[in-house]
Structures are given as structure tokens and as C-alpha cells.
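Participant: Got a predicted structure here, sequence first:
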Amino acid sequence: MWWLRQLDSSHDQYHISCGWRFPAEVNREALLAALDALVRRHEILRTKFLMSPDGAVTQEIVDHVEIPLVWAGPDWQEAVEQAAVRPFDLARPPLFRAVAAELVDGPGLLVTMHHIITDRWSMDVFARDLFELYEAALTARTPRLPGLPVQYGDYARWQRDFLTDDLLRSQLNYWTEALAGYEPLELPLDLPRPTAIDAVGETVVLELPSEATAAMTALAWRTRASPAMVVSAAFVATLRAFCGQSDVVIGAIVSDRTHPDLRDLIGFFINTMILRVDLTTTELTFREAITRTRDAWMAADAHQDARLEQIVGALKAGSEAHRNPIFDVVVNHAGDRDDLAEDPDAPVWWEPDLPVTARFDLSLTTRIVEGRLRATFVYPTALFNRATIATLADRYIRTLEQGVATPDALMRDFDLLTRADRTLLRRGNDRTPAAGTTVVERLQTLAARTPDAPAVVGDGGPLSYGQLNERANRLARHLLTLGVGPEKVVGVCLERTVERFVVLLALAKCGAPYLPVDPDFPADRIRLLMSDAAAVLMIVGSPLLARLPSMETPVLTIGDGSPDLTGYATDNLPTLPAPDSLAYLISTSGSTGNPKSVAISHRALSRLVEGAPHYLEVGPGSVFLQTGPLTFDVAVLEWAPLAHGGRVVVADPGSLLDGLRDVLREHQVTTLKLVSPQLDILVEQDPHILSGLRQLVVGGDVVNPRSFALVEGLLPGCRVVASYGPTECTVLATVFEGGPWSGRVPIGRPIPHTSAYILDEDLQPVSVGMRGEIFLAGDGLARGYHSRPGLTAASFVPDPFGPPGSRMYRTGDLGRYLPNGAIDFLGRTDHQVKIRGFRIETSEVEHALLRHPDITAAAVVRATLATGPALVAYIVAARSVDVGALRDMLRETLPAYMRPDHFVTIPRFTLTAHNKLDRAALPPVTTATTRAGVDLPPATGLEARVVAAWSAVLGRPLSASDDFFDQGGHSLLVPRATATVRRELGREVPLQLMLEYRTPASYAAAILRESLPDLSAASREDRLVQRTWRGEKLAGCRRVDLFISTENPLRKNADLPLLLVLDGSEFVEIMRLPAILDRLSLQDRIPTTAAIFLSPSEWSTRRSELLDDGIVDALADELLPYLRTWLGNRPVGRAVAVGASLGAVTAIRSALRRPDRFHGAVAISGPLSEHRLGPARPDRSRGGSRFFLSASREEKDIVLDDGLSLVEATERTAVELAADGHVVRSAIGEGGHTYAAWESMLPDAIRWSLGDQT
Amino acid sequence: MPAYQPSVADTVRSLVTKQLNLNGYSQDLRPDDNLWSLGMTSLTCLGLMLSIEDTFEIELPEEALKEATFRSINTISAAVESSRK
């Protein structure tokens, strides 16, 4: 019983309830007597189940059990529900309970049993026996029941004895072979699978009309199949459509009463067989579907002695949390034998409304009731919306109805679309052609009508429509002299300045297509793109020239006054580009190992631009910003505002959008286009920066639902729109304009002049809710892949639904229609993956890997790790491959987004039965496979904090020398990691810093460098000098930094106070304090000071050193004199010791134990009560030192060894020091145990402790 | 001497006993016992049907493929006899 694996909690998922009515009033004594007799008759009703620690279960029969019968009366609802859901203790029989209720029209009895002692047939046996025993008790006669030659225990014993090792082995061999290469059904869930099991279910019940039911039974006979097989065949066919998978694996729950003597027993006689039905064929009839289901069924039946958990073990399946092993969908047909419940004397059912539990993701239970097949679909509400299952159920009934009527018709010709389906499919698409007015024409019209309206603003701008047009006209004339013209590709590598629009418009006016190139592309890739496109020219923004590789294509540099265009006329060119000439090429990842370029015509571009105002705010008064590079086809969307009188902002908000806030504010952006990962970054940081927008468009197939919902709620005045579109369909194909959604953000409906079809593998439209491939048609389609006729023919296929000769684009994307007509994106058909918004053909990466001489095989997959999606390369290598060198090699051919995040070396690849890579067999990514460097301990406090912060974000330990991005980090995690560091430091740290300094060590060092005061400011007397100092009393060399703050002329002649600052606790690190002191003294908020900062000799031993009894004397007798010497003959004033955290203890000790040297101490956030502070022999007479003690409110949660909170310890120490005659100030601030809190406390602390009264 | 030829009914009885797992059954199987009442399911009936067709090298006609045909040893034997003619 595989259930047993899950029975630990005696979860109510495994209860079965059944109710019956009594013909007349119930006699209580007779009912009790009957139940008692029933328990005596069936040993299973008084059996207890004991689970041993190794998981084995033993059964034990007890002689006597209490009969758990509740008399609930007319208010029975709660008692009935309680009985149904209250857990059973398996060790305490009976494992059933009964509730007698007074219904409106007579008495009823509900019985709930644990599944371990019953099944559905048993419930009928239970009813028959109980009612017979009740009648017998009423009339004091002998009950007429068949004898029970065996009991359930005998059956369990048979099973064990029967299944010899040899039999088991041969059966497991069968299953391993039968299930080779199977893929679990991937149901398109409406809602993300919850992390905890939630079995709350609902049902959808439909009936097959009686004629069809009769036809079904007759067809079963004729096809030499059972009714169970026929209903299952229709279910498998429905699932095939629902999941878009032809090879379907489900479970079939079957009765396992293998011997007539078992017929009258109550007990768990159930087996769940694995049914693998492969419906892959183009000519599938229902008869064929039945035959295949029957064959699978008979084979499974012949091998059902191997229990499911043994098969699962043999297959090593079932590792995914909260999913059933091998299958999540089951079918269960009752009534394949004589039905006791159909006996004329059988008691009448009573079916009270009880909570439904869904043990599987989807189950179908069928049973013939009054001549009609009743199909009950049970599903968990945590996974599906009711509408989805209702659609599925409807399709199931239609399939079955048409299947039994015309078993020899092709199933693909079945009429499975409802009228609603048809309307939906027709209504969503727009087959009208676009007008074909080119962007050039539109822009020239605007330039003539509103020449002074701003067209492009931002770097190098603004440009009005008139200026843009005139400059483009001049440049176009120049380009024509260079041989630029229609169909002649021109590479462009341009900065984000307004100049780029002049260039692109000029090229459009010449009728020449542009091909954008990123200067960060590997040199080989750039050369390949240019030669592949037979580019006649490369136009480069002058600052980028140095970054481009040498190439054969002639180069034209733009910028810094070149080229000289003064001689060219500014009026429009006499000709316009032909609508069918090429407008641009965009290169994308290609599956053959090389990039491919999508070729878009002006007509396709017009289709985008023409319809844009329907869903995009791009008219006069709108300000549009998109944040992608020119190589991303989203940039093409910038033509839409330019064609409709809007304004385009050109700006670089940084790859992590740090600058977005300023750009949005400066230019009053109204319409912003982002891709989903960028939205995630903003949500992570501060989504409020979007609050001025009128429209936000979020692109990408899979929009993060959490982020989308958040901005929808946050921006009430803003249209939040999701968009979808492959490059091959000119930027956009569908948009989702908001409205109700759950689980996933839909990709919406086709944009104007665009049709979207969702088709099955026979290219037939699927009905609502069914999974299919998304095809796109209309004027937006690309001409194809530039100079790749084969690839073009494979992807752009004849459109059977459009006008003759029209084409449709096979996207490779999977989707389905939601009941409201919006399209729901469901993943990919192939191995193209999308990571952080980039589309990647994994085979291109594999090809690149295979160019390494030692790599013999490679597979690249998208994996979801704890840190989010990542690209993982599995390699088989002849000898060990140096990952660092491999990364360097890939850098030469692949752009950054295509380089794998992780490399895993494995001995060989496992293949499936179809000789395909068995992806399920790939080992998970572990840190061990990618960890390279030596684990050095952090060298400074700041480094340790960075290590801790980054490790927390990555979800695993990092060392100071580990590269964040090699360890699974990616750009989406940068904001989170930076935010943690910011909180610690209490100030801004640019996000960009992590991209430049990728290890905690280098990152911390960079922050340190940046935090030092500006030493070059010669006009001030600022000084920071570093030396190495070796004390006599402390081992090791230390770095000491001396900082003398700005002289205040008024105090020029005063003695210079000294601060001795102890780093090494986790204090402000030497880093921050000089900079803070510098600022404070400049603002005249603290007296001029000379501060010496002491670093520990070794960061790891700082704790023991700070608590060492010798340190105070070392500071007093060695370091202070050293400082005086260093300062030359300057008169010095008071000396104060400063420390935070553990350093606070040392600071107070210094002042208490060596009052001859130290006049006071600043102690911030110290565990003061954990350590003895004063000298061993306190001298009460020596009061009068100044102590500044502080902690922050949040530190009341830090409990010290003596049980005091850090705040209490600080307050108590202050009281004690004051009692000893010292001058004490204690302050409780905000901010926790952080740099930020300490920093904010410092000005007060230093000024006060130096005795400054101001 | 001609080899012993078991009767159709005997062969059917042994096939029924095997398919319905009746070995060691506590009661005797009579020729007109209702097999459905003995716990025959659609699946065991299907197995029985296929084994009968195999053993007698016949294909039962479609009109014989119904519940009543497989009610008892007698009805099955009758169907076999008529399709052998």
C-alpha cells in the first residue's frame, strides 16, 4: 500500500465517507447491535496498524472496540463534517466512525472510514451487511449474509507470500522498460503550486446522456475492451490536448479482489496501476485510442504485483516536492463488476455536502448512475480555477460522445470547439492589413506640420521634429554617396544619444536596413554578423570606434562634427522607401551554433506603428522611454511615438536602472516600457519612482506576477500593460491590458493587424484551456531569417486560416486560451530558454562549448536554483577542464547573457529510450562543482559583513574571494545584496559597484577606497597617513592610520585632542571614520582632532586581542607615545578611547584602568556587562573621567551572556560609572547594531567626550 | 486409439477457473453459475474472452460480444459451439 508512505499524519486526505438513508425511524438498540455485529464479522474493523521505525507496517487484531456512533439529531451538519475530517489514530481501532442524523425526510447514517481499511466497493459491502444485520436485529432473526471463508489479514499474507524476489525482479524489469524515457504530465496549473500540501478540493460533475452511455458500453464490447478502458481512452485523449503531450502517463485505480472469496470483505483492495498510453500519431481514431489504452491496461494488469512504491524506487522517480511520484492524474471507473449498490434491496444513498479532498492534481471518477455515465472531476482549488476544469470536463464529454458515435473517424476532425470557443477564436484576431504608410512618410508629415515640437530629448538633444528630419535628410544624402540603398545592410553601433535617431531615420530614408551591433559583443561575433549580412557600411558613434574590432566592412564615424554635411540639402528625399523593402535586421541566438538575423520590412514596421495608439500612449504630449539597447528589438518601439507626435527620451539609466528615477523625473516620462526582470529590480528597490507614469508596459513572455500585481495596486492612475512578441513578429504580437487574472499574468490578445492561433500538433485550433503552440500571422511577420532560406521555411509556414499565400510564424511558444479570451503563456516547445529577459538557443551555447578541444559532449539547460533561473552547462570532457579558461574561451564568442552561470562536469550523459538526452537524469547543480578559489577568511570587518550579506542573498556560504556571479549570483540579486550593505553602512552604495567588484574582498576594498577623505585637497590641512607599527606588548604588525582634521583658525593655538579609535570590533572600519570626522570638522561640528586608528594584526584574532588584559597597557604605554612622537612637538590635549561593539569594552577599560593616559571613552553598542571593566583593584578615589555610552533601541533584542539586553547593560553600566564619580552620558538611539547607527551617534559622542560644551 | 478430446464445456471450465482465479475457491463451480456473481469483472471477462478465442482458434462474432454470452460456462460453451460451425 503506497499510501502508507504518506500516512504518518493520518491526514484527512485519506478518509472515505459514505451515507445511507433508513426507510423508517431508526431503532437505536438495533443499529448499535448491527454495528457491533459488523465489527465482529469483519476483523479489519478492529485491526490496528503499527508502524515500525523502518517504515514497515504490522497489523494486529483486537477483540473488542468501542462503537463510535454519534446521535446528531436534526442539527447534524457539524457532527457530520467533524466525523469526516477528524484524524484517526491508526493504532487505535476502530478506524471508522458513524453519525446518525435526522434529515428533513427521514433518518440517515454517515460513515467515515480511514482509507487503510476500506475502498469504494467495501463501502457497499459495509452498507449491505449493516442493513441486513440491522433488519435481523429488529426482527430478532438470523442475518442472511454470505459466509466469510477468509479475512483481510489472509489477503495481506497472500500478497506477501506471492511476491517472491524473482517475480518482483521480473516485474520491476518490465516497468523500468515500459516507463523508459517517460515524461510526467505537465498540467497547465492556473496557480503556482503551494509549498505546503493543500488538498482542499472541488468537483465538477457532468453526465453522458443515456444513449451515449449505452453506446459506450456496446463499443467497449465490440472493441474487446472494458468500459473502464473506454472512459480512460477518452480521458487520455483529453489530457493529451490539455497538456499538449502525446505520451500520457496517468494512474488507474483498480479493484484488486483477485479471488471470489474476497468479494464480501471490507478492506483496502485497491491497486493503482501506471497507465502509459502513447497517442502519438497523425491518424488517430477513437478505436485506436481504445486499443492503445487497452494494451497498456492489460500489460499493467499483468504486472501489477510490483507495488507502486517499488516501481518508484526502481525508477528513482518522485523527487519533486508535493507531487505524486510518476503521475498526478488518476482515473477510477466504478462498475466493472456486478454492483451491490444496484441491488434492488440496497439502501438509498445519502450524500451530505462534505469538504472535498483532492488527493491528486486531477482525478476523474466515473460510474454509471441510472443509465448515464456520471463523470466527476476532482481538483485542488489551490492549483486550478473552476473554469479550467469545467472546460476540461466539457471537452471530455464531447470527446467521449463523438468517440462512441464515430469510433473510426479521425479524432482530429471531432467537433470539440464550443460556440464560445469559436466566437473567441474569431473575435481575438484582426485580419485587416496595415495601411503600409512607412515611418518615413509619417515622420515627414509631422515635421512639416509641427516642426518645432520636440521629437527626441536626452543626451545630445533635444531635437525637434523639424531638426530631426532635416539632419536625417542631409545624412541620407551623404549615405547615398557611400553606396547605401535598398536591401544593402548597414551595421550601426551607436551610443544612446539623439544622434542615433538621425542615423536610423537617414537609413530609412535611403531605404536601407540597419543591423544594430553591440560594442560588447565578442569580436568574432561582430565580424560574423557583418559578413553574414553582407553589410556595405558600418556606422559607428565616435566614442565607440575604439571598441570595435577591425573588419572588412567600411566604417563611417559619426560625431565630433564628422562627417561634414554642410553641403547637403535639408529637404526631404524625392523617394520614400518601398513598403516591402527591409527596415532592419536584429540578430538573435541561433540553434545551429551561429546567430541568425531576423529581417523586418517597412510594411511590418508600419503594422506595429500604425496600431500602436490602440494600446500605447504615444501621441502628442506623451513622453516615451524604453530602456533596452538598440540590439534588443524593443528599441524599435521608439518609432511609434515618433510616428504619432510623441516624444522619445534617449537615456542610459544604467544596466541596473540606478539612474531611472532621475531620467523619469527630468523628462516627465509618461510611457515606460520595461522587460519583466527590470520591473523586478525596480520593485525590489523602490517602485514608487514609477508613480508619475501614465502607462507602464512590461514585456517578456513570463511577467513576474508578484511584481505586476504590486505595480497594478501601487499605480492607480497608470495603465499597466503586459506585452508579448517575438522579434519575428516585429516587437509585439499581443498585449494584456489588465483586468482580472490569477496565478500567471496572461500575454493578452493580438494587437491590431495581427492574428494569434493556438494549434495542436495537427495544426488544428485547440479549444479554450487546451495547451497548444502559439502561431502568429498578419503584416507584422518578418520577411524571414536573412540569407537562411531553410530556417525561414521551417519557421514561417503557410497559414491555413488566412488569405491564400499568407504565412504564419511558428513561435515555439506554448499557450492556451483563458475562458475570457486572453492568451496564457505556458513555456517553450523546444530548448530555447529565456533567462533574465534574454532569449537563448541552448544549442548555440552547446556548439560554443564543443569548440573546446577537451569537451566531448555538452548540454545546456535552464535550471531554477534557489537564487532564480540560471543557465547551466553540463559537460563531458576527455580530461579535466579548467573552468576559468573555459569562461575566457566563451567570452570570445558569446555575449555575456549567453554564457553559462554554472559548469558541471559529468562522466557521461544518460539517454532516453528514444536516444534523447535524459534531462531528468542530470545531476543538480551543487556549489562544490563550481567552487574554485581557496576559502580565505575575511580580512576586515567590512569584508566579513559583505560576505555575510551576499551569502544570505545567495542562500549559501561564500568566501571573501568568491566571485558573486560565478556562485549563482545574477543581476536580479544585485539590488538585494546592495541593499543589505547599504543598510549596514547607512549610506548609498552604487549598484554598479557589484558589477565591477565581484568578490567580497574587492568590493569591500573598493568601498574603503571610496570612503577615504579626499587626500588631494591641498587647500585643506587634511592628512591621512598610514604606517605599520609593531608594539612590544602585542604580537604582530598593525596598520595605524593618523588623521588630523581641518584646523579651525579660531582654535589654532589650542591643544590638539587625541582620539584613539579601536577598529577590529566591527567598528566603522578605519574606512568611514576619517571621512566622517573630516566632514564633521569641516562643518565645525567637532573640535579639531588628531585621530589614530588601530587595525588588528589579524582580523580573525581581533576578539581575543581586544579582550586581552595586556592591550590597555599597550595602548597607554606604547601607542599613545608613538602618536605623540608622530605628531612632532605639537601640544596635545585630552585623549579619548573610542570603540563600538567589542571595542567599546576595550575603550572603557582603557579609561578606567589608565586614567593617567585616557581622559574618557566613547563606547557604542558594547556588550558591557559581559566583561569586567574596571581594574582588578578598583581605586574609588579616581573618578572624574568622561564616558559616553550609547546603544540603539533595536538592540534590546540582543541578549548578553548574563541575561541583560544590550540596552540594559549600557544603562546599568552608565549608572555604575556615575556612582563611581565619573561624568557619564548615555544615549539610546535608533538603527540597531549597524554602521549606520554608530555613525549617527558619533558627532555627539566625540564632541561631548572631548569636553566641548558648545 | 484416438487421443482424449476434452469437451468444449470442460475446456471452458478450466479457462474460467484460471481467469477467475477459482482454484481453491470454497465452493464448487456449476455449469450454470453466474460468473458475474462470482466476482468476474469486465477485465477478467476480457481476459477470458481473449483466452477462449485463442484456445479454440475462433473469433467470436460481434453480436456474441455482450454480457449475456459470458454469464456462465453453459452460455460461453454455446457461443463457442455456434462460432465453430
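Facilitator: Perfect, I can see it now.

Participant: which residues touch the residue in chain A that chain B sits nearest to?
Facilitator: Closest to chain B within chain A is A:Ser226: 3.4 Å, counting by C-beta to the nearest C-beta. In short, each C-beta sits where N, CA and C put it, glycine included. For A:Ser226, the contact set (C-beta atoms under 8 Å, 6 or more residues apart in numbering or on different chains) comprises A:Ala220, A:Arg294, A:Trp297, A:Asp336, B:Thr41, B:Ser42, B:Leu43, B:Cys45, B:Leu46.

Participant: Around chain A, pick out the residues from chain B.
Facilitator: Residues of chain B that fall close to chain A, judged by C-beta under 8 Å from any C-beta of the partner chain: B:20-22, B:24-26, B:36-43, B:45-47, B:49-50, B:62, B:65-67.

Participant: Helices - which of those residues land there?
Facilitator: Counted as lying in helices by DSSP state H, out of the residues of chain B next to chain A, are B:Ser42, B:Leu43, B:Cys45, B:Leu46, B:Gly47, B:Met49, B:Leu50.

Participant: Quick one: residues in contact with stretch A:377-392.
Facilitator: Outside stretch A:377-392, the residues that touch it by C-beta under 8 Å, 6+ apart are A:187-191, A:193-194, A:198-206, A:238, A:242, A:356, A:358, A:360-365, A:393, A:396, A:742-743, A:767-769, A:818-819.

Participant: At the geometric centre of chain B, which residue sits there?
Facilitator: Compute the mean C-alpha point of chain B, and by C-alpha atoms, centre = their mean the closest residue is B:Val12, 4.1 Å away.

Participant: doesn't B:Ala79 make contact with it?
Facilitator: No - if you go by C-beta atoms under 8 Å, B:Val12 and B:Ala79 don't touch, sitting 9.5 Å apart.

Participant: Which single residue of chain B ends up nearest chain A?
Facilitator: B:Ser42 (3.4 Å).

Participant: Count the neighbours of that residue for me.
Facilitator: Around B:Ser42 there are 23 other residues, counting by other C-beta atoms under 10 Å in any protein chain shown.

Participant: and what of the one 3 residues further on?
Facilitator: Using other C-beta under 10 Å, the number of residues around B:Cys45 comes to 21.

Participant: And for B:Ser14?
Facilitator: B:Ser14 has 12 neighbours, counted by other C-beta under 10 Å.

Participant: In terms of pLDDT, where does it sit?
Facilitator: You'll see B:Ser14 listed with a pLDDT of 90.

Participant: And the one 4 residues further on, by the same measure?
Facilitator: We have a pLDDT of 88 for B:Lys18.

Participant: A:Asn1048 now?
Facilitator: With respect to pLDDT, A:Asn1048 has a value of 54.

Participant: Surely A:Val378 is in a strand?
Facilitator: Yes - counting by DSSP: H, G, I helix; E, B strand; the rest coil, A:Val378 falls inside a strand.

Participant: For it, give the beta-bridge partners.
Facilitator: A:Thr203, A:Ser363 (DSSP bridges).

Participant: ok, how many other residues are close to it?
Facilitator: 22.

Participant: measure it to A:Ala334 for me?
Facilitator: For A:Val378, the distance to A:Ala334 equals 14 Å [C-beta to C-beta, to the nearest Å].

Participant: Repeat that for A:Pro68.
Facilitator: Taken as C-beta to C-beta, the span from A:Pro68 to A:Ala334 is 27 Å.

Participant: what's the answer for A:Gly1221, then?
Facilitator: 92 Å.

Participant: Which one of those two is surrounded by more residues?
Facilitator: A:Ala334 (19 against 13).

Participant: about what we covered before: and the pLDDT for the closest residue to the residue of chain A closest to chain B other than its chain neighbours?
Facilitator: In space, not counting the residues next to it along the chain, A:Ser226 is nearest to B:Ser42; the distance is 3.4 Å by C-beta to C-beta, 6 or more residues apart in numbering or on different chains. Note on B:Ser42: pLDDT of 86.

Participant: Next: A:Pro957.
Facilitator: A:Pro957 is given a pLDDT of 78.

Participant: which residues does A:Val456 bridge with?
Facilitator: For A:Val456, the beta-bridge partners are A:Leu463, A:Val648 (DSSP bridges).

Participant: For it, give me its contacts.
Facilitator: Counting by C-beta under 8 Å, 6+ apart, A:Val456 has contacts A:Pro462, A:Leu463, A:Leu468, A:Val498, A:Phe501, A:Leu642, A:Arg647, A:Val648, A:Val649, A:Val650.

Participant: May I ask which two of these are separated the most?
Facilitator: The two members of the contacts of A:Val456 with the most space between them (C-beta to C-beta) are A:Leu468 and A:Val649, at 14.0 Å.

Participant: between these two, who's got more neighbours?
Facilitator: A:Val649 (29 against 25).

Participant: In this structure that one contacts A:Gln668, no?
Facilitator: No - A:Val649 is not in contact with A:Gln668 according to C-beta under 8 Å; the separation is 9.2 Å.

Participant: joint contacts of these two?
Facilitator: When contacts are counted by C-beta under 8 Å, 6+ apart, the set common to A:Val649 and A:Gln668 consists of A:Val623.

Participant: Okay, and the residue nearest to the centre of chain B sits in which element?
Facilitator: Here B:Val12 is covered by helix B:8-19, with elements defined by DSSP states H and E.

Participant: ok, A:Leu759 - contacts?
Facilitator: Residues in contact with A:Leu759 (C-beta under 8 Å, 6+ apart) are A:Pro765, A:Val766, A:Gly772, A:Glu773, A:Phe775.

Participant: Switch the residues you listed over to JSON lines; also include neighbour count and pLDDT.
Facilitator: Putting the contacts of A:Leu759 into JSON lines (neighbours: other C-beta atoms under 10 Å in any protein chain shown; pLDDT from 0 to 100) gives the following:
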{"residue": "A:Pro765", "neighbour count": "19", "pLDDT": "86"}
{"residue": "A:Val766", "neighbour count": "24", "pLDDT": "87"}
{"residue": "A:Gly772", "neighbour count": "23", "pLDDT": "91"}
{"residue": "A:Glu773", "neighbour count": "21", "pLDDT": "94"}
{"residue": "A:Phe775", "neighbour count": "24", "pLDDT": "96"}
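
Participant: In helices, which of those residues fall?
Facilitator: Using DSSP H, no member of the contacts of A:Leu759 sits in helices.

Participant: Name the residues that touch the helix or strand hosting A:Glu81?
Facilitator: In this structure, A:Glu81 sits in helix A:77-85 according to DSSP H and E. If you take C-beta under 8 Å, 6+ apart as the criterion, helix A:77-85 is touched by A:12, A:15, A:17, A:70, A:72, A:97-99, A:101, A:110, A:112, A:352, A:354-355.
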